[in-house]
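Engineer: coords please:
(2 chains, ligands or ions: 2)
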Amino acid sequence: MLERALSGSATYKKLVGVLMILMGLGFAAYLTQWEHGLMITGMGRDVSWGLYISQFTFLVGVAASAVMVVLPYYIHDVKVFGRITVLGEFLAIASVIMCMLFIMADLGKPMRVLNVMLYPTPNSILFWDMTVLTGYLLLNVFIGWNVLEAERKGTHYPKWVKPLIYISIPWAVSIHTVTAFLICGLPGREFWLTAIMAARFLASAFCSGPALLILLSLIVKKYTKFDPGKEAINKLLTVVTYAMLISVFFVILEIFTAFYSNIPSHMETLKYMFVGVDGKTALVPFMWMFVILAVAGVALLLHPNIRKNEKILIAACCCVFFSMYLDKGVGLIIGGFIPNMFGQIHQYAPTIPELMITIGIWSTGFFILTILYKIAVSVKEEVQG
Amino acid sequence: METSRRDFLKIGGLCALGLSSLEVGDAIAKSRAAKYLTNPDACTAKRWAMVIDVKKCWQAEKEECKDCILACDWAHNVPDIPVKRQEVKWLWNEKYENAFPDQDPALEPEEVKEKPFLVLCNHCTHAPCVRVCPTQATFKSADGITMMDMHRCIGCRYCMAACPYGARSFNWRDPRPYIKKINPAYPTRDRGVVEKCDFCVERLQNGKIPACVEACKQKALIFGDLDDPKSDVRKALDSRYSIRRKPELGTMPAVYYLI
Ligand code: SF4
Ligand code: SF4
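Structural biologist: Residues are numbered from 1 along each chain as shown, chains lettered A, B, ... in the order given. Ligands and ions are numbered 1, 2, ... in the order given. Prediction:
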């Protein structure tokens, strides 16, 4: 089926070309990092994880959200999802690969990464994260590919795929739960030390991921002959709406607990993020942008015409995706390191090469996604006739 | 012709090497038991701990004493990195409000608020850094020291996120150009790995007390076995009131401050 990725319209080729240029730039920046080490980033002894790990955290959520089409389709037999399930699975593949690339980019000694497998350490959550992510990637590759192949041949997918599908459902939940455990069990990091971290992660994943999937479906619909179907999008929209409301609710819970208890260590990071401390306000614009987008997103999602008017739908999905991105892909990880363990505010700002590597990895993800979607859509167009 | 002859010689050499390495392997296997015997002169303890008598330390502070820090930096090839956020630190001074940020400093005597507190890895009994490390590159030794294997560390910095004391440093850059004078007795590090105070385990194994303890003329640093009621550290803790950093986190630090 792979050969379908090689031919395509001019727009397709242009898109692939642009992504490849961005990948190249990112790779060039990575070569500088390879040469000089992580000193070329904005991280330091206080904010020791930066953009790479926060992108990783966000993208694990996008990967996990594939379960929101897989589960209804295979378990509850929601037929309308049949057309887009593979789009969800392929989005998961691209996201997991991005996650892995971000981890690799963040390592001080990337060539030693196999030490995690050579010396398995069950008490380390990072060990589990790597294990479940690898498993999730394989699951989605096997499932997505076989189901699509079967569709092309007009047959039913092989029997052994079914158990894999069932396994993939709790597995998707596990990858994001484990990622939340990565940060929510660390003594002394009160901002992260919250029992609802995993729940918050899942809620934000289940709105940002499907929102992205809706946007991608609309793009596919616009540029190809394949129509994912209005009904599927409407069903996804319901998922997005509930998950978004729950996400916003969770954020309010965090803020209430911190400020009503009045415990300084629980309030400090939030204060830093939303109003700044001692004139240090690097995250403030991002956090208020998050608030504005989240409020706008909720308002648009609840708009009575959203199911009729595609413009409202697109705006709502963009608001949801970007607000959740700012919350989890920017604020949550970086905020956790500020103030530092000495109660001081040392801010973080990514450097140009760091940003280039980040954009390069995102482009790699979208490159993979484009190729996979191209294959999937070609197959679907053929089958449709 | 010439080449194949050389190749032949090479192969022959390799074979010989192979044979002799078998013998060497045998010898190593035989002496393995002996290899793990500890140095009879080594300092031993059940649970190493350090007590810092801050009052004594402050007496020397008038002359801006940095003897312990300099001794440590020299002993362990700690680089002097010019970029502040990328500094590598094993033993250094912090203000009270920073060393003990949860104490909510308010009306302590001026002296306490202004004077320095030495900070270092606490060699916690329940060390969060050890708990999170995905490769066991950081681990506990039998005598309570939190150790680092810089050859295994992958540089994920999970341990830095987990250490509640900011005691760990990452080599953001190659540290070697920033070491003023290299001490050949201790390895230098490569970029991309994490490091921190190791309670001078390499000195203890050779029967020497930690470099900082040895260097302090004021005798402000006391080192010994926490499990031995007759040790100096226990005597110091029996006689004076002491505090530890962030005890509420349950990490059980092995570094005590006499107030
Ligand atoms: S002080 Fe930090 S680095 Fe040292 S043992 Fe405790 S947690 Fe680990
Ligand atoms: S940086 Fe090294 S020592 Fe720290 S957790 Fe990662 S592998 Fe372990």
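Engineer: Would you list the phi and psi of the closest residue to ligand 2 within chain A?
Structural biologist: Using C-beta to the nearest ligand atom, the closest approach of chain A to ligand 2 is made by residue A:108 at 6.8 Å. (Glycine included, C-beta is placed from N, CA and C.) Residue A:108 has phi and psi values of phi -70, psi -30 when expressed as degrees, to the nearest 10.
Engineer: Could you measure from it over to residue B:174?
Structural biologist: 11 Å (C-beta to C-beta, to the nearest Å).
Engineer: repeat for residue A:298
Structural biologist: The gap separating residue A:298 from residue B:174 is 50 Å, by C-beta to C-beta.
Engineer: So for the two, which sits in the more crowded spot?
Structural biologist: For residue A:298 versus residue B:174, the count of surrounding residues by other C-beta atoms under 10 Å in any protein chain shown is larger for residue A:298: 19 against 16.
Engineer: can you give me the helices in the stretch 1-150 of chain B?
Structural biologist: B:2-35, B:54-61, B:67-75, B:96-99, B:110-114, B:128-132 (DSSP state H, counting those that start in this stretch).
Engineer: Give me the most central residue, the chain.
Structural biologist: Since no chain was named, I'll use chain A. residue A:59 (2.3 Å; C-alpha atoms, centre = their mean).
Engineer: Please refer instead to chain B.
Structural biologist: Short answer for chain B (C-alpha atoms, centre = their mean): residue B:198, at 1.6 Å.
Engineer: from what I can see that one touches residue B:144, true?
Structural biologist: No. At 11.9 Å, residue B:198 does not count as touching residue B:144 under the criterion of C-beta atoms under 8 Å.
Engineer: residues contacting residue A:48?
Structural biologist: By C-beta atoms under 8 Å, 6 or more residues apart in numbering or on different chains, the contact list for residue A:48 reads A:337, B:157, B:160, B:161, B:170.
Engineer: Any chance you could list what contacts the stretch of helix or strand the third one belongs to?
Structural biologist: Okay, so that is residue B:160. Using DSSP states H and E, residue B:160 sits within helix B:158-162. Outside of helix B:158-162, the residues within contact range by C-beta under 8 Å, 6+ apart are A:45, A:48-49, A:124, A:126, A:182-183, A:186-187, A:189, A:336-337, B:128-134, B:138, B:168, B:170, B:194.
Engineer: among these, which are in reach of ligand 2?
Structural biologist: B:132, B:133, B:134, B:138, B:194 (C-beta under 6 Å from any ligand atom).
Engineer: what bridges to the fourth one?
Structural biologist: It stands for residue B:138. Following DSSP bridges, residue B:138 is listed with bridge partners residue B:148.
Engineer: Do I have it right that it meets residue B:147?
Structural biologist: Yes. Contact criterion C-beta under 8 Å: residue B:138 and residue B:147 qualify, at 6.8 Å.
Engineer: Compare these two and say which is more crowded by neighbours.
Structural biologist: The residue with more neighbours, out of residue B:138 and residue B:147, is residue B:138; 27 against 15, by other C-beta under 10 Å.
Engineer: Show the contacting residues for residue 69.
Structural biologist: Picking chain A for this. Counted by C-beta under 8 Å, 6+ apart, residue A:69 has contacts A:81, A:84, A:85, A:87, A:88, A:210, A:213, A:232, A:236.
Engineer: Let me rephrase: I mean chain B.
Structural biologist: Residues counted as contacts of residue B:69 (C-beta under 8 Å, 6+ apart) are B:91, B:92, B:93, B:118, B:212.
Engineer: Get me the contact residues on chain B for ligand 2.
Structural biologist: So far as C-beta under 6 Å from any ligand atom goes, chain B lies against ligand 2 at B:132-135, B:137-138, B:153-159, B:194.
Engineer: Same list (those) but as TSV, adding pLDDT.
Structural biologist: TSV is the format used below for those (pLDDT from 0 to 100):
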residue	pLDDT
B:132	97
B:133	97
B:134	97
B:135	96
B:137	97
B:138	97
B:153	97
B:154	97
B:155	97
B:156	97
B:157	97
B:158	97
B:159	97
B:194	97
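Engineer: all strands of the stretch 51-200 of chain A, in order?
Structural biologist: Taking DSSP state E, counting those that start in this stretch, the stretch 51-200 of chain A contains no strands at all.
Engineer: And the helices in it?
Structural biologist: A:51-64, A:67-74, A:85-106, A:115-118, A:125-153, A:161-184, A:197-223.
Engineer: quick one: the residue nearest to residue B:58 when sequence neighbours are not counted from residue B:66, how far?
Structural biologist: Excluding its sequence neighbours, the residue lying closest to residue B:58 (C-beta to C-beta, 6 or more residues apart in numbering or on different chains) is residue B:115, at 4.9 Å. Distance check for residue B:115 against residue B:66: by C-beta to C-beta, it reads 14 Å.
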